[in-house]
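# Here's a sequence, model it:
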Amino acid sequence: MVSGTVVPGLGLCLAVTAGAMLLEAAEVAVFGRAWLESLVLAILIGTLVRSLWVPAPGWQPGIAFGAKTVLEVAVVLLGASLSLGTLWAAGPGLLLGIAGVVAVAIASSYGVGRALGLHHRMAMLVACGNSICGNSAIAATAPVIGADGEEVAAAIAFTAVLGVLVVLLLPLLVPLLGLSPMQYGVLAGLTVYAVPQVLAATAPIGLLSVQVGTLVKLVRVLMLGPVVLALSLSRPRPGPDSGPNSGRDRAEGRVALHQLVPWFILAFLALAGLRSAGLIPEAALPALSGSANLLTVVSMAALGLGVDVRVVARAGLRVTCAVILSLLALGAVSLGLIHGLGIL
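Numbers count the residues shown, from 1 in each chain. Below you'll find the predicted structure:
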(Lines give C-alpha, C1' and ligand atoms only; values in the text may rest on other atoms or scores of the structure.)
Protein backbone atom coordinates (compact mmCIF):
# COMPACT_ATOMS: atom_id res chain seq x y z
CA MET A 1 0.00 0.00 0.00
CA VAL A 2 1.32 3.44 -0.91
CA SER A 3 2.12 5.47 2.17
CA GLY A 4 0.30 8.75 2.63
CA THR A 5 3.63 10.59 2.64
CA VAL A 6 4.13 9.47 -0.97
CA VAL A 7 0.94 11.06 -2.26
CA PRO A 8 1.98 14.75 -2.63
CA GLY A 9 5.22 14.05 -4.50
CA LEU A 10 3.67 11.32 -6.65
CA GLY A 11 0.76 13.63 -7.44
CA LEU A 12 3.24 16.26 -8.60
CA CYS A 13 4.91 13.67 -10.86
CA LEU A 14 1.51 12.81 -12.35
CA ALA A 15 0.77 16.50 -12.96
CA VAL A 16 4.07 16.92 -14.81
CA THR A 17 3.30 13.74 -16.78
CA ALA A 18 -0.11 15.12 -17.82
CA GLY A 19 1.54 18.33 -18.99
CA ALA A 20 4.11 16.41 -21.02
CA MET A 21 1.44 14.29 -22.71
CA LEU A 22 -0.64 17.35 -23.56
CA LEU A 23 2.39 19.01 -25.15
CA GLU A 24 3.13 15.87 -27.18
CA ALA A 25 -0.47 15.82 -28.40
CA ALA A 26 -0.16 19.49 -29.34
CA GLU A 27 3.00 18.72 -31.33
CA VAL A 28 1.17 16.03 -33.28
CA ALA A 29 -1.78 18.35 -33.94
CA VAL A 30 0.44 21.19 -35.19
CA PHE A 31 3.34 19.41 -36.90
CA GLY A 32 1.86 16.00 -37.70
CA ARG A 33 4.43 14.25 -35.49
CA ALA A 34 5.97 14.58 -32.04
CA TRP A 35 9.54 15.86 -32.39
CA LEU A 36 9.98 15.61 -28.63
CA GLU A 37 8.26 12.64 -26.99
CA SER A 38 6.37 12.93 -23.70
CA LEU A 39 9.22 11.07 -21.99
CA VAL A 40 11.67 13.83 -22.88
CA LEU A 41 9.14 16.59 -22.22
CA ALA A 42 8.47 15.16 -18.74
CA ILE A 43 12.13 15.52 -17.84
CA LEU A 44 12.28 19.05 -19.26
CA ILE A 45 9.12 20.19 -17.46
CA GLY A 46 10.20 18.51 -14.22
CA THR A 47 13.60 20.18 -14.45
CA LEU A 48 11.96 23.56 -15.14
CA VAL A 49 9.70 23.17 -12.09
CA ARG A 50 12.69 22.16 -9.96
CA SER A 51 14.66 25.18 -11.21
CA LEU A 52 11.87 27.61 -10.28
CA TRP A 53 10.81 25.94 -7.03
CA VAL A 54 12.61 23.52 -4.72
CA PRO A 55 10.03 21.03 -3.30
CA ALA A 56 9.90 20.88 0.48
CA PRO A 57 10.97 17.67 2.29
CA GLY A 58 7.36 16.50 2.44
CA TRP A 59 7.33 16.14 -1.35
CA GLN A 60 10.49 14.07 -1.52
CA PRO A 61 9.17 10.56 -0.62
CA GLY A 62 6.70 10.63 -3.53
CA ILE A 63 9.29 11.98 -5.96
CA ALA A 64 11.77 9.30 -4.86
CA PHE A 65 9.06 6.63 -5.23
CA GLY A 66 8.37 7.79 -8.78
CA ALA A 67 12.05 7.89 -9.72
CA LYS A 68 12.84 4.40 -8.40
CA THR A 69 9.89 2.05 -7.83
CA VAL A 70 7.73 3.33 -10.70
CA LEU A 71 10.70 3.09 -13.06
CA GLU A 72 11.44 -0.48 -11.97
CA VAL A 73 7.82 -1.52 -12.61
CA ALA A 74 7.99 0.12 -16.05
CA VAL A 75 11.10 -1.92 -16.87
CA VAL A 76 9.25 -5.09 -15.87
CA LEU A 77 6.34 -4.31 -18.20
CA LEU A 78 8.75 -3.73 -21.09
CA GLY A 79 9.40 -7.47 -21.02
CA ALA A 80 5.97 -8.07 -22.55
CA SER A 81 7.08 -6.29 -25.73
CA LEU A 82 9.93 -8.73 -26.39
CA SER A 83 9.44 -11.98 -28.28
CA LEU A 84 12.03 -14.56 -29.26
CA GLY A 85 9.98 -15.15 -32.42
CA THR A 86 11.18 -11.82 -33.77
CA LEU A 87 14.75 -12.94 -33.24
CA TRP A 88 14.14 -16.18 -35.13
CA ALA A 89 12.46 -14.41 -38.05
CA ALA A 90 15.45 -12.14 -38.59
CA GLY A 91 17.74 -15.04 -39.52
CA PRO A 92 20.99 -16.08 -37.83
CA GLY A 93 23.34 -13.96 -39.97
CA LEU A 94 21.57 -10.66 -39.44
CA LEU A 95 20.80 -11.54 -35.82
CA LEU A 96 24.44 -12.20 -34.98
CA GLY A 97 25.43 -9.11 -36.94
CA ILE A 98 23.03 -6.89 -34.99
CA ALA A 99 24.21 -8.36 -31.69
CA GLY A 100 27.81 -7.74 -32.76
CA VAL A 101 27.04 -4.15 -33.75
CA VAL A 102 25.39 -3.50 -30.39
CA ALA A 103 28.32 -5.02 -28.49
CA VAL A 104 30.96 -3.10 -30.45
CA ALA A 105 28.94 0.12 -30.26
CA ILE A 106 28.51 -0.12 -26.49
CA ALA A 107 32.23 -0.78 -25.99
CA SER A 108 33.32 2.04 -28.31
CA SER A 109 30.75 4.51 -26.98
CA TYR A 110 31.73 3.75 -23.40
CA GLY A 111 35.39 4.21 -24.29
CA VAL A 112 34.67 7.55 -25.95
CA GLY A 113 32.71 8.74 -22.94
CA ARG A 114 35.44 7.78 -20.50
CA ALA A 115 38.09 9.38 -22.71
CA LEU A 116 36.11 12.61 -22.58
CA GLY A 117 36.11 12.48 -18.79
CA LEU A 118 32.54 11.27 -18.21
CA HIS A 119 31.81 9.29 -15.06
CA HIS A 120 31.40 5.54 -15.48
CA ARG A 121 27.62 5.74 -15.03
CA MET A 122 27.14 8.59 -17.50
CA ALA A 123 29.38 6.93 -20.07
CA MET A 124 27.37 3.71 -19.77
CA LEU A 125 24.04 5.53 -20.09
CA VAL A 126 25.19 7.26 -23.28
CA ALA A 127 26.62 3.99 -24.63
CA CYS A 128 23.43 2.00 -24.04
CA GLY A 129 21.17 4.80 -25.25
CA ASN A 130 23.10 5.21 -28.51
CA SER A 131 23.64 1.51 -29.12
CA ILE A 132 20.22 0.03 -28.32
CA CYS A 133 17.10 2.17 -28.21
CA GLY A 134 17.73 5.66 -26.92
CA ASN A 135 15.55 6.84 -24.05
CA SER A 136 14.12 3.41 -23.20
CA ALA A 137 17.59 1.90 -22.88
CA ILE A 138 18.76 4.80 -20.71
CA ALA A 139 15.70 4.44 -18.47
CA ALA A 140 16.14 0.66 -18.17
CA THR A 141 19.88 0.86 -17.55
CA ALA A 142 19.77 3.64 -14.96
CA PRO A 143 18.45 1.66 -11.96
CA VAL A 144 20.78 -1.24 -12.69
CA ILE A 145 23.96 0.85 -12.59
CA GLY A 146 22.72 3.24 -9.87
CA ALA A 147 22.62 6.38 -12.03
CA ASP A 148 21.17 9.48 -10.40
CA GLY A 149 18.61 11.93 -11.76
CA GLU A 150 21.10 14.44 -13.13
CA GLU A 151 22.93 11.75 -15.10
CA VAL A 152 19.72 10.31 -16.56
CA ALA A 153 18.36 13.76 -17.45
CA ALA A 154 21.58 14.80 -19.17
CA ALA A 155 21.85 11.55 -21.14
CA ILE A 156 18.24 11.65 -22.30
CA ALA A 157 18.19 15.38 -23.08
CA PHE A 158 21.21 15.38 -25.37
CA THR A 159 20.37 12.00 -26.91
CA ALA A 160 16.84 13.20 -27.69
CA VAL A 161 18.03 16.32 -29.50
CA LEU A 162 20.52 14.35 -31.56
CA GLY A 163 17.87 11.74 -32.29
CA VAL A 164 15.74 14.35 -34.03
CA LEU A 165 18.71 15.51 -36.11
CA VAL A 166 19.46 11.91 -37.14
CA VAL A 167 15.90 11.47 -38.42
CA LEU A 168 16.22 14.64 -40.51
CA LEU A 169 19.73 14.07 -41.87
CA LEU A 170 20.01 10.29 -42.30
CA PRO A 171 18.01 10.14 -45.59
CA LEU A 172 20.64 12.41 -47.15
CA LEU A 173 23.10 9.51 -46.99
CA VAL A 174 21.15 7.52 -49.58
CA PRO A 175 22.43 9.50 -52.59
CA LEU A 176 25.76 10.34 -50.94
CA LEU A 177 26.66 6.70 -50.26
CA GLY A 178 24.63 5.13 -53.05
CA LEU A 179 22.57 3.03 -50.63
CA SER A 180 19.80 0.77 -51.86
CA PRO A 181 16.42 0.79 -50.05
CA MET A 182 17.37 -2.50 -48.33
CA GLN A 183 20.76 -1.16 -47.22
CA TYR A 184 19.28 2.09 -46.00
CA GLY A 185 16.60 0.20 -44.04
CA VAL A 186 19.30 -1.80 -42.23
CA LEU A 187 21.32 1.36 -41.57
CA ALA A 188 18.31 3.22 -40.17
CA GLY A 189 17.30 0.27 -38.01
CA LEU A 190 20.81 0.10 -36.54
CA THR A 191 21.32 3.82 -35.88
CA VAL A 192 17.99 5.54 -35.22
CA TYR A 193 16.92 5.50 -31.57
CA ALA A 194 13.17 4.83 -31.39
CA VAL A 195 10.80 2.77 -33.55
CA PRO A 196 8.62 5.80 -34.46
CA GLN A 197 11.78 7.65 -35.45
CA VAL A 198 12.77 4.73 -37.70
CA LEU A 199 9.43 5.06 -39.47
CA ALA A 200 9.98 8.80 -39.91
CA ALA A 201 13.52 8.31 -41.20
CA THR A 202 12.69 5.53 -43.67
CA ALA A 203 9.31 6.67 -45.01
CA PRO A 204 10.85 9.18 -47.48
CA ILE A 205 12.89 6.37 -49.07
CA GLY A 206 10.21 3.75 -49.59
CA LEU A 207 8.14 0.89 -48.19
CA LEU A 208 10.99 -1.64 -48.32
CA SER A 209 13.18 0.63 -46.20
CA VAL A 210 10.34 1.04 -43.71
CA GLN A 211 9.81 -2.73 -43.39
CA VAL A 212 13.50 -3.63 -43.14
CA GLY A 213 14.29 -0.73 -40.82
CA THR A 214 11.46 -1.63 -38.46
CA LEU A 215 12.48 -5.31 -38.30
CA VAL A 216 16.14 -4.49 -37.65
CA LYS A 217 15.15 -1.94 -35.02
CA LEU A 218 12.89 -4.43 -33.21
CA VAL A 219 15.69 -7.01 -33.12
CA ARG A 220 18.06 -4.33 -31.85
CA VAL A 221 15.61 -3.48 -29.07
CA LEU A 222 15.66 -7.14 -28.02
CA MET A 223 19.33 -6.70 -27.15
CA LEU A 224 18.22 -4.57 -24.18
CA GLY A 225 17.40 -7.62 -22.06
CA PRO A 226 20.78 -9.37 -22.38
CA VAL A 227 22.69 -6.09 -21.98
CA VAL A 228 20.81 -5.05 -18.84
CA LEU A 229 21.23 -8.54 -17.39
CA ALA A 230 24.97 -8.48 -18.13
CA LEU A 231 25.31 -5.07 -16.46
CA SER A 232 23.40 -6.35 -13.46
CA LEU A 233 25.64 -9.40 -13.09
CA SER A 234 28.80 -7.33 -13.47
CA ARG A 235 27.95 -4.60 -10.98
CA PRO A 236 29.97 -4.38 -7.74
CA ARG A 237 28.62 -6.65 -5.03
CA PRO A 238 27.81 -5.57 -1.46
CA GLY A 239 30.70 -5.90 0.96
CA PRO A 240 30.98 -8.76 3.46
CA ASP A 241 29.40 -6.71 6.22
CA SER A 242 26.73 -4.99 4.12
CA GLY A 243 23.73 -6.85 5.50
CA PRO A 244 22.49 -8.91 8.43
CA ASN A 245 22.55 -12.16 6.44
CA SER A 246 25.81 -11.56 4.60
CA GLY A 247 27.85 -13.57 7.08
CA ARG A 248 25.49 -16.52 6.86
CA ASP A 249 25.47 -16.48 3.06
CA ARG A 250 29.26 -16.27 2.98
CA ALA A 251 29.59 -19.09 5.49
CA GLU A 252 27.33 -21.28 3.40
CA GLY A 253 29.33 -20.44 0.27
CA ARG A 254 26.54 -18.89 -1.73
CA VAL A 255 25.36 -15.45 -2.80
CA ALA A 256 21.75 -14.40 -2.47
CA LEU A 257 20.00 -14.20 -5.83
CA HIS A 258 18.78 -10.65 -5.22
CA GLN A 259 22.40 -9.58 -4.84
CA LEU A 260 23.20 -10.90 -8.31
CA VAL A 261 20.15 -9.67 -10.22
CA PRO A 262 17.60 -7.03 -9.10
CA TRP A 263 14.03 -8.23 -8.76
CA PHE A 264 12.79 -6.15 -11.66
CA ILE A 265 15.29 -7.71 -14.08
CA LEU A 266 14.13 -11.21 -13.10
CA ALA A 267 10.52 -10.11 -13.56
CA PHE A 268 11.41 -8.49 -16.90
CA LEU A 269 12.93 -11.77 -18.16
CA ALA A 270 9.99 -13.78 -16.82
CA LEU A 271 7.49 -11.60 -18.65
CA ALA A 272 9.55 -11.82 -21.86
CA GLY A 273 9.54 -15.61 -21.49
CA LEU A 274 5.77 -15.67 -21.05
CA ARG A 275 5.35 -13.51 -24.15
CA SER A 276 7.63 -15.78 -26.19
CA ALA A 277 5.71 -18.85 -25.03
CA GLY A 278 2.42 -17.29 -26.13
CA LEU A 279 1.06 -17.21 -22.58
CA ILE A 280 0.25 -13.50 -22.69
CA PRO A 281 -2.93 -12.85 -24.73
CA GLU A 282 -2.37 -10.64 -27.77
CA ALA A 283 -5.26 -8.46 -26.64
CA ALA A 284 -3.37 -7.61 -23.45
CA LEU A 285 -0.17 -6.47 -25.17
CA PRO A 286 -1.29 -2.93 -26.10
CA ALA A 287 -2.41 -2.30 -22.50
CA LEU A 288 0.89 -3.60 -21.11
CA SER A 289 2.89 -1.53 -23.59
CA GLY A 290 0.84 1.57 -22.86
CA SER A 291 1.23 1.05 -19.12
CA ALA A 292 5.00 0.68 -19.49
CA ASN A 293 5.15 3.90 -21.48
CA LEU A 294 2.99 5.81 -18.98
CA LEU A 295 4.99 4.63 -15.97
CA THR A 296 8.24 5.49 -17.74
CA VAL A 297 7.00 9.04 -18.36
CA VAL A 298 5.95 9.34 -14.70
CA SER A 299 9.40 8.18 -13.58
CA MET A 300 11.10 10.64 -15.94
CA ALA A 301 8.97 13.42 -14.46
CA ALA A 302 10.18 12.34 -11.01
CA LEU A 303 13.79 12.35 -12.19
CA GLY A 304 13.35 15.81 -13.67
CA LEU A 305 11.95 17.08 -10.38
CA GLY A 306 15.15 15.95 -8.71
CA VAL A 307 17.52 17.52 -11.23
CA ASP A 308 19.79 20.44 -10.48
CA VAL A 309 20.01 22.11 -13.90
CA ARG A 310 23.47 23.46 -13.08
CA VAL A 311 24.82 19.90 -12.91
CA VAL A 312 23.33 19.09 -16.31
CA ALA A 313 24.76 22.28 -17.81
CA ARG A 314 28.24 21.45 -16.57
CA ALA A 315 28.05 18.05 -18.25
CA GLY A 316 26.55 19.44 -21.46
CA LEU A 317 29.54 19.84 -23.77
CA ARG A 318 31.19 16.56 -22.83
CA VAL A 319 27.94 14.60 -23.07
CA THR A 320 27.13 16.17 -26.45
CA CYS A 321 30.57 15.27 -27.81
CA ALA A 322 30.26 11.74 -26.44
CA VAL A 323 26.82 11.25 -28.04
CA ILE A 324 27.95 12.59 -31.43
CA LEU A 325 31.19 10.59 -31.56
CA SER A 326 29.39 7.46 -30.36
CA LEU A 327 26.74 7.83 -33.06
CA LEU A 328 29.40 8.27 -35.74
CA ALA A 329 31.10 5.10 -34.51
CA LEU A 330 27.76 3.26 -34.58
CA GLY A 331 27.15 4.41 -38.15
CA ALA A 332 30.59 3.24 -39.27
CA VAL A 333 30.14 -0.19 -37.67
CA SER A 334 26.65 -0.48 -39.19
CA LEU A 335 27.93 0.28 -42.70
CA GLY A 336 30.65 -2.30 -42.15
CA LEU A 337 27.99 -4.91 -41.30
CA ILE A 338 25.92 -4.02 -44.37
CA HIS A 339 28.86 -4.50 -46.70
CA GLY A 340 30.22 -7.45 -44.75
CA LEU A 341 26.96 -9.38 -45.10
CA GLY A 342 26.69 -8.37 -48.74
CA ILE A 343 23.26 -6.76 -48.28
CA LEU A 344 22.05 -5.36 -51.61
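
# need the helix or strand of this protein with the lowest average pLDDT.
helix 246-251 (a mean of 42; mean pLDDT, DSSP states H and E).

# now the longest helix along the chain: mean pLDDT?
Ranked by number of residues, the top helix in the chain under DSSP state H is helix 309-340. Throughout helix 309-340, pLDDT has a mean value of 81.

# helices and strands around it, which ones?
helix 38-52, helix 92-115, helix 120-128, helix 149-169, helix 181-191 (3 or more CB pairs under 8 Å, 6 or more residues apart in numbering; DSSP states H and E). All C-beta spots, glycine's among them, are computed from the backbone N, C-alpha and C.

# Quick one: those as TSV, columns for mean neighbour count, mean pLDDT and distance to Arg275 too.
Output for these, formatted as TSV (neighbours: other CB atoms under 10 Å; pLDDT from 0 to 100; distance: least, CB to CB, whole Å):
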stretch	mean neighbour count	mean pLDDT	distance to Arg275
helix 38-52	22	86	22
helix 92-115	19	88	18
helix 120-128	25	91	22
helix 149-169	22	77	26
helix 181-191	25	90	21
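
# which residue sits closest to Ala137, ignoring its sequence neighbours?
Cys128 (4.5 Å; CB to CB, 6 or more residues apart in numbering).

# Gly100 now?
Excluding the flanking residues, the one nearest Gly100 by CB to CB, 6+ apart is Leu337, at 7.2 Å.

# re earlier: my read: the residue nearest to Ala137 touches Val144, true?
No - using CB atoms under 8 Å as the test, Cys128 is too far from Val144 to be in contact (9.6 Å).

# List the residues that contact the residue nearest to Ala137.
Counting by CB atoms under 8 Å, 6 or more residues apart in numbering, Cys128 touches Ile106, Ala137, Ile138, Ala140, Thr141, Val227.

# what residues are up against the residue nearest to Gly100?
Leu337 makes contacts with Gly97, Ile98, Gly100, Val101, Val186, Leu190, as judged by CB under 8 Å, 6+ apart.

# try Pro171
In this structure, Pro171 makes contact with Tyr184, Ala201, Pro204, Ile205, judged by CB under 8 Å, 6+ apart.
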